[in-house]
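# What follows is a predicted structure for the sequence shown.
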Amino acid sequence: MSTDLAQIKVIGVLGAGQMGAGIAQVAATVGYQVLMADVGLEQANKGKAGIDKILTRNVSKGRIDEAKKAEILARLTPVNGLSNLSSADFVIEAATENEALKLKLFTQLDEHCAPHAILATNTSSIPITRIAAATNRPHKVIGMHFMNPVPVMKLVEIITGLATDEATHQLTEALAEKMGKETVLARDMPGFIVNRILMPMINEAVTALYEGIGSREDIDAGMRLGTNQPMGPLTLADFIGLDTCLAIMEVLHQGMGDSKYRPCPLLKQYVDAGWLGRKSGRGFYEY
Ligand SMILES: NC(=O)c1ccc[n+]([C@@H]2O[C@H](COP(=O)([O-])OP(=O)(O)OC[C@H]3O[C@@H](n4cnc5c(N)ncnc54)[C@H](O)[C@@H]3O)[C@@H](O)[C@H]2O)c1
């Protein structure tokens, strides 16, 4: 039986990091009850505390009032682990970009979630068809790729796997629109649309730095001022997370089997050093 948008009351978000928290915030803002899960309750609480901070800033800037903030926070419930997402009608997974982890999480979600629940993934690059095959409901598994920061960015890239049915696609599109987003539809190929184009550009910027073609500031200013991008590619990489950028390049490299997608050694080295960008306080820049 297929579900329509009006039947979706509770949204489960698995992974309460920068993307999961953003997704939870937007879902609660448009009126959904949201269950937030991560590896444990502590991490889920941390995700909600981050949203509280953002909403407090929005109140101080006059974007929302105290009542709206309280209303949004009241709809967000941190829970202890994914087994507590069983009452969700629609689950959006936003855990770390690691294929083995996501396959395991989807097998577990499939076991714990109601049969009618749709299981979406915010993966940046891992094949939806492969994630879907880790469940007994591949027709109800779909890619729902939000952009960072979720409350600000307009796009949701929807990716249908080989087995995803049309009802799941339609419902996911309707949910993204209800969350105030515009959608594009991508085929399930490595990197989908956005990262297939964006990540090689970021990787090339890292290579330009590695080869000493320009300083970090000049590489960023060159692309900002010369190609009208709102931020330079190295700044953007710090924003996304260098571990996430590396993981996506590895998926492109492996999936396409083409050396043009080889991750830059400097990107690997920064990740080895734990310089992951904004989230760790240091990446190509210091924060
Ligand atoms: N950062 C971006 O710009 C961006 C944009 C679009 C999509 N994505 C995708 O979103 C996903 C999350 O990325 P992020 O930037 O939020 O990363 P993040 O590191 O900020 O958050 C990942 C979260 O997953 C949690 N996690 C790890 N293992 C888990 C488990 N077993 N069960 C539950 N939670 C677990 C971590 O504790 C962490 O809170 C990835 O798939 C990434 O590719 C990221």
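In hand now; what should we look at? Here the structure is a predicted model, which means the values were calculated and not measured. Residues are numbered from 1 along each chain as shown.

# going forward, measure contacts between C-alpha atoms and count neighbours the same way
Will do.

# For whichever strand or helix holds residue 197, give the mean pLDDT please.
Taking DSSP states H and E as the definition, residue 197 sits inside helix 194-210. Averaging pLDDT along helix 194-210 yields 98.

# From the contact counts, what lies against it?
Packed against helix 194-210, as judged by 3 or more Cα pairs under 8 Å, 6 or more residues apart in numbering; DSSP states H and E, are the following elements: helix 216-227, helix 233-240, helix 242-256, helix 265-272.

# need these in JSON lines with mean pLDDT, mean neighbour count and distance to residue 59, can you?
Output for the helices and strands packed on helix 194-210, formatted as JSON lines (pLDDT from 0 to 100; neighbours: other Cα atoms under 10 Å; distance: least, Cα to Cα, whole Å):
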{"stretch": "helix 216-227", "mean pLDDT": "98", "mean neighbour count": "15", "distance to residue 59": "31"}
{"stretch": "helix 233-240", "mean pLDDT": "97", "mean neighbour count": "22", "distance to residue 59": "24"}
{"stretch": "helix 242-256", "mean pLDDT": "95", "mean neighbour count": "21", "distance to residue 59": "31"}
{"stretch": "helix 265-272", "mean pLDDT": "98", "mean neighbour count": "16", "distance to residue 59": "36"}
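
# if we can go back for a sec, dump the C-alpha coordinates for the helix holding residue 197 into PDB.
The C-alpha trace of helix 194-210 is given here as PDB (Å, rounded to 0.1, in the frame of the first residue of the first chain):
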ATOM      1  CA  VAL A 194      25.900  17.800  -8.200                       C
ATOM      2  CA  ASN A 195      28.900  16.000  -6.800                       C
ATOM      3  CA  ARG A 196      29.800  14.500 -10.200                       C
ATOM      4  CA  ILE A 197      30.500  18.100 -11.300                       C
ATOM      5  CA  LEU A 198      31.400  19.800  -8.000                       C
ATOM      6  CA  MET A 199      33.900  17.300  -6.400                       C
ATOM      7  CA  PRO A 200      36.300  17.100  -9.400                       C
ATOM      8  CA  MET A 201      36.400  20.900  -9.300                       C
ATOM      9  CA  ILE A 202      37.200  20.900  -5.600                       C
ATOM     10  CA  ASN A 203      39.800  18.100  -6.100                       C
ATOM     11  CA  GLU A 204      41.400  20.200  -8.900                       C
ATOM     12  CA  ALA A 205      41.500  23.200  -6.600                       C
ATOM     13  CA  VAL A 206      43.300  21.100  -4.000                       C
ATOM     14  CA  THR A 207      45.700  19.900  -6.700                       C
ATOM     15  CA  ALA A 208      46.400  23.500  -7.700                       C
ATOM     16  CA  LEU A 209      47.400  24.200  -4.100                       C
ATOM     17  CA  TYR A 210      49.400  21.000  -4.000                       C
END
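
# Near the ligand, which residues of this protein? Just list them.
14-20, 38-39, 94-97, 122-124, 145-148, 240-241, 244 (Cα under 6 Å from any ligand atom).

# Would you mind writing the PyMOL command to select the buried ones in these?
Selecting the buried subset of the residues of the chain next to the ligand in PyMOL, with 16 or more other Cα atoms under 10 Å as the burial test, is done by:
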select buried, resi 14+15+16+17+18+19+20+38+94+95+96+97+122+123+124+145+146+147+148+240+241+244
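
# Name the residues that touch the helix holding residue 197?
With contacts defined as Cα atoms under 8 Å, 6 or more residues apart in numbering, helix 194-210 is touched by 124-125, 157, 190-191, 214-216, 219, 233-234, 237, 245, 248-249, 252, 261, 263-264, 266-267.

# next one: it to chain centre, how far?
19 Å (Cα atoms, centre = their mean, to the nearest Å).

# tell me the SS of the closest residue to residue 163 other than its chain neighbours?
Setting aside the residues directly before and after it, residue 163 is nearest to residue 139 in space (Cα to Cα, 6 or more residues apart in numbering), at 5.0 Å. Secondary structure, DSSP: H, G, I helix; E, B strand; the rest coil: residue 139 is helix.

# Same question for the one 5 residues further on.
Taken by three-state DSSP, the conformation at residue 144 corresponds to strand.

# repeat for the one 5 residues further on
With three-state DSSP as the basis, residue 149 sits in coil.

# Next one: it from residue 205, what distance?
21 Å (Cα to Cα, to the nearest Å).

# Which one's more surrounded, these two?
Counting neighbours by other Cα atoms under 10 Å for residue 149 and for residue 205 shows that residue 205 has the greater number, 23 against 15.

# For the longest helix along the chain, list every residue counted as buried.
If you go by DSSP state H, the chain has its longest helix at helix 41-60. Of all the residues in helix 41-60, those buried under the rule 16+ other Cα under 10 Å are 43-48, 50-52, 55-56, 59.
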